[in-house]
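Q: Have a look at this prediction, sequence included:
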Amino acid sequence: MKNRFATPKLLRPSLAGVLLAALALPAGAVDLKTADGDWTFSIDGNVNVDYIYSSCESFSSAVAVGGGLTCVGSPNGSSSVSNIGNGLLPAAFVFGVATTQAGIDLTAHLGLYPGVAANDSGSPNVGPLTSDARNSALSSTGLDIRQVYMTFGTKTAGTFTLGRNIGLFGADVILADMTLPGVGAPGNAASAYPANTTLGGIGFGYIYTDWLAQIDYTTPTFSGFNFTLGVFDPINSLSDAGTPDPKKAPGFHAKATFTLPFSDTSKLYASVAYLTQQQDYENGAFTPPNYSYTGNGVDVFAKLDVADFEAVAYYYHATGLGTTALFLYGAYADGQTRTSYGYLGQLTYKFGALKLGVNYGESKLDYANSADQAANPALVSSNKKATGGLYYSLTKNLTLLAEYSNVKADAHTGGGNSSNTVNVGAYLGF
């Protein structure tokens, strides 16, 4: 598929182009060249909207699950939630410029990601999720500017990437998740205050890769192999009770990939990614009052394509990274790290314009120690999800879709909650 952001020499396409490739949708972006032909300007992206209906665990039977991702009904007895919104992806309009100077390929990219949820609370995906300014009359949608980066390099020397872009750890699995154009697990879409995005499979077999300020170097491809090494801006934990200190060092990540083509229609792709970062905190409630810990994670991904059949397998193992999002529930008290791990399996098959798919994923989180167990008995033990989906290409750019997802969240105490979500919608990629 043509990389709509760049000249054919570019080694690393924009995320929007990667997403379109992952969805097997043809890009239809507009490319404009300057009169002298030196610069190429381009735009591509998507608009996706779904009706999302969730049947949640009833309020009377629900149990506490700290970090559980299952929706729970309201005290008035209602366990049903309906919303209309984006899915796992927000809408996207991504702009690019590219040129070649002195034999070096140069690009710059800016991604604007609006949603359709009524949201005046700041961040369209996080923000105050229980604010009166959300999902009410006279509200507007939010704009997420998650992507701005540049690249420079050559095919023989490799490519540098600098700026805010998708991470390396956990990236391949979310790009291969069949619910990417759809909904998967509803997240806040099953609430009175929906965010612009759902969870898809995030927290159910993989940790969200996130968008990180980073500086990376990617090697040329050697016999199907390439490698990326980089540093990223060290982010704070979402759940530590202490006050974050400035970090002494950046985070580090790395990735190795391998592609083995068998024929024009069959190939194997595999990757291994690694991430590490130290957290530093102050908390007078503990002795000593200052503490630090290191979060580490490694993942393994494989995708086999054989004509119209595709199989995906993924596994991750981490200490101090937590679950669902980077550094969420990663440590207890004064930096005693928790172990987390998970896996996802997926099968899809295309019958002409119709793609059928199923996937199952599970994320697990262990206690740090016995003190953690005593203090947090209801900590989530596992979040798991099964999804079945139908994706019909009405035209080469428009996909109609329907999905069913069953979600379960279990606590270490043995109790748990479950819910079901059905969504129907459309995805327009361009």
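A: Ah, there it is.
Q: which residues of the stretch 101-250 of the chain score low on pLDDT?
A: 119-134 (pLDDT under 70).
Q: Put the alpha carbons of stretch 166-175 into CSV.
A: Output of stretch 166-175 as CSV, limited to C-alpha atoms (Å, rounded to 0.1, in the frame of the first residue of the first chain):
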residue,chain,number,x,y,z
ILE,A,166,3.2,6.0,19.5
GLY,A,167,5.4,4.0,21.8
LEU,A,168,7.2,0.7,21.0
PHE,A,169,6.1,-1.6,23.8
GLY,A,170,2.5,-2.8,23.1
ALA,A,171,2.3,-1.0,19.7
ASP,A,172,2.0,-4.0,17.4
VAL,A,173,-0.8,-5.7,19.3
ILE,A,174,-3.1,-2.7,19.4
LEU,A,175,-2.4,-2.0,15.7
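Q: if we look at it, which residues are touching it?
A: Stretch 166-175 has contacts (CB atoms under 8 Å, 6 or more residues apart in numbering) with 15, 18-19, 22, 147, 180, 200-202, 205-212, 214, 216, 228, 230, 232, 253-255, 271, 273-275, 297-299, 301, 303, 312, 314, 316, 326, 344. Using the backbone N, CA and C atoms, a C-beta is placed for each residue, glycine as well.
Q: could you redo the last one with a cut-off of 7 Å?
A: Under the criterion CB atoms under 7 Å, 6 or more residues apart in numbering, residues 15, 18-19, 22, 206-212, 228, 253-255, 271, 273-275, 297, 299, 301, 314, 316, 344 lie in contact with stretch 166-175.
Q: Stretch 65-78 now?
A: Residues outside stretch 65-78 that contact it (CB under 7 Å, 6+ apart): 54, 56-59, 62, 79, 81, 185-186, 190-191, 199, 203, 323-324, 329, 365, 376, 378-380, 383, 407-411, 416-419.
Q: just stretch 244-263 next, same as before
A: By CB under 7 Å, 6+ apart, the residues outside stretch 244-263 that reach it are 167-169, 224-234, 236, 267-278, 280-282.
Q: Only the buried residues of that stretch, if you could.
A: By neighbour count, and taking 16 or more other CB atoms under 10 Å as the criterion, the buried residues in stretch 244-263 are Lys247, Pro250, Gly251, Phe252, His253, Ala254, Lys255, Thr257.
Q: in the sheet, who's paired with the spatially closest residue to Asp233 that is not a sequence neighbour?
A: Using CB to CB, 6 or more residues apart in numbering and skipping residues adjacent in sequence, the residue nearest Asp233 is Ala213, 3.9 Å away. Beta-bridge partners for Ala213, by DSSP bridges, are Arg164.
Q: Pretty sure Ala213 sits against Ile235.
A: No: using CB atoms under 7 Å, Ala213 is not in contact with Ile235, being 9.0 Å away.
Q: could you flag which of the contacts of stretch 65-78 are buried?
A: Listed as buried from these are 54, 56-57, 62, 79, 81, 185-186, 190-191, 199, 203, 323-324, 329, 365, 376, 379-380, 383, 407-411, 416-419; burial here means 16+ other CB under 10 Å.
Q: starting at the chain centroid, how far to stretch 151-161?
A: Its chain's average C-alpha position is 25 Å from that of stretch 151-161, according to CA atoms, centre = their mean, to the nearest Å.
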